[in-house]
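S.K.: With the input below, show me the fold.
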Amino acid sequence: MTDSPRRDGSDPTQPFGSGSPVDYPDPAYANQPPYQGAYPNPTQQLPSYPPYGYDAGATGQYGAGSPPPSAPTPTEPDGHEPRLWLWILAAIAILVLVGLVVALVITNGSRQETVVAPPQPITPAPGFSTSPTTPTTTSRAPRPIPAPTIAPPTTTATGPTETVTYEVTGEGRAINITYLDTGNMLQTEFNVPLPWTKQVELAQPATETASVSVVNFGPEVACTVTVNGVQTQHRTGSGITICVGTR
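M.R.: The predicted model follows:
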């Protein structure tokens, strides 16, 4: 038994999606648009996408061409504040040293012995020569000139003494050296070349009064006090170095 050909529809031998319009004899399909293929060029290659990279510090992904954000560069600590404190400390130290030097000079000046020079005797002016004729007027007797008074020198009490030797060693020059001299008077020497030594006689016990102080800037210096050949103190320092007679 043979089937009769279909009354409506397309030819079954026509390829599906060929793009040719299909006739719909049924009025219900008369207004339908013709069917087109979904892929006009099924063999066309799609564009490639760059591979994805992984950022350990973020939640998203970055492409190969976009580098991950760099970590913030740590800033170096500012070194001006420590340098400022160093300059302040150095200025304070210099002011203290200058004040000590001024105090030593003032003390030395107050204790030094003042020597009063005797005044020069007053001599009368030489008389002018007159004519050989004898003057008729009588001359007055000259007034006696009082003798100048001289202050007696200050004497120190004499007694048994001890020999004290001061010694300062180092390089260059010391700004000043202050020591107790014979007669228990402070003496100060300035711009002293090193090494330096001084021998004085002090009243017994010299170990309680002997002293020497050195002011310098730069390399260290050493001071030594010796009483009757026995070293009583030895110190090394910079800035202000003081040695006394006691151990």
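S.K.: excluding its backbone neighbours, what's nearest residue 229?
M.R.: The spatial neighbour of residue 229 that comes closest, neighbours along the chain excluded (Cβ to Cβ, 6 or more residues apart in numbering), is residue 163 at 7.7 Å. Glycine gets a C-beta too; all of them are placed from N, C-alpha and C.
S.K.: Check which helix or strand the one you found maps to.
M.R.: Element membership for residue 163 (DSSP states H and E) is strand 161-169.
S.K.: Report the buried residues of the next helix or strand after that strand.
M.R.: Sequence order places strand 173-181 as the next helix or strand after strand 161-169, per DSSP H and E. Judged by neighbour count using 16 or more other Cβ atoms under 10 Å, the buried positions of strand 173-181 are 174-181.
S.K.: quick one: strands adjacent to strand 173-181?
M.R.: For strand 173-181, the paired strands and their directions (DSSP bridges) are strand 185-193 (antiparallel), strand 211-227 (antiparallel).
S.K.: between the longest one and strand 161-169, how many degrees?
M.R.: When you say that, I think you mean strand 211-227. Put simply, strand 211-227 runs at 120 degrees to strand 161-169, going by axes from the mean of the first three to the mean of the last three Cα atoms, to 10 degrees.
S.K.: Begin at 18 from now on, thanks
M.R.: Got it, the first residue is 18 from now on, which makes the last one we talked about strand 228-244.
S.K.: pLDDT (mean, whole number) over strand 228-244?
M.R.: Averaged across strand 228-244, pLDDT comes to 92.
S.K.: cool, stretch 119-132 as well?
M.R.: Stretch 119-132 shows a mean pLDDT of 69.
S.K.: again, but for stretch 250-264
M.R.: 88.
S.K.: So which bits of stretch 199-207 are buried?
M.R.: In terms of neighbour count (16+ other Cβ under 10 Å), stretch 199-207 has its buried residues at 200, 203-205.
S.K.: With just CA atoms, put that stretch into PDB.
M.R.: Backbone C-alpha positions of stretch 199-207 (Å, rounded to 0.1, in the frame of the first residue of the first chain) are rendered in PDB as follows:
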ATOM      1  CA  THR A 199     102.900  78.300  96.800                       C
ATOM      2  CA  GLY A 200     101.200  80.500  99.500                       C
ATOM      3  CA  ASN A 201      97.800  78.700  98.900                       C
ATOM      4  CA  MET A 202      96.900  80.900  96.000                       C
ATOM      5  CA  LEU A 203      95.100  79.700  92.800                       C
ATOM      6  CA  GLN A 204      97.100  80.200  89.600                       C
ATOM      7  CA  THR A 205      95.700  79.800  86.100                       C
ATOM      8  CA  GLU A 206      97.700  79.300  82.900                       C
ATOM      9  CA  PHE A 207      96.000  79.600  79.500                       C
END
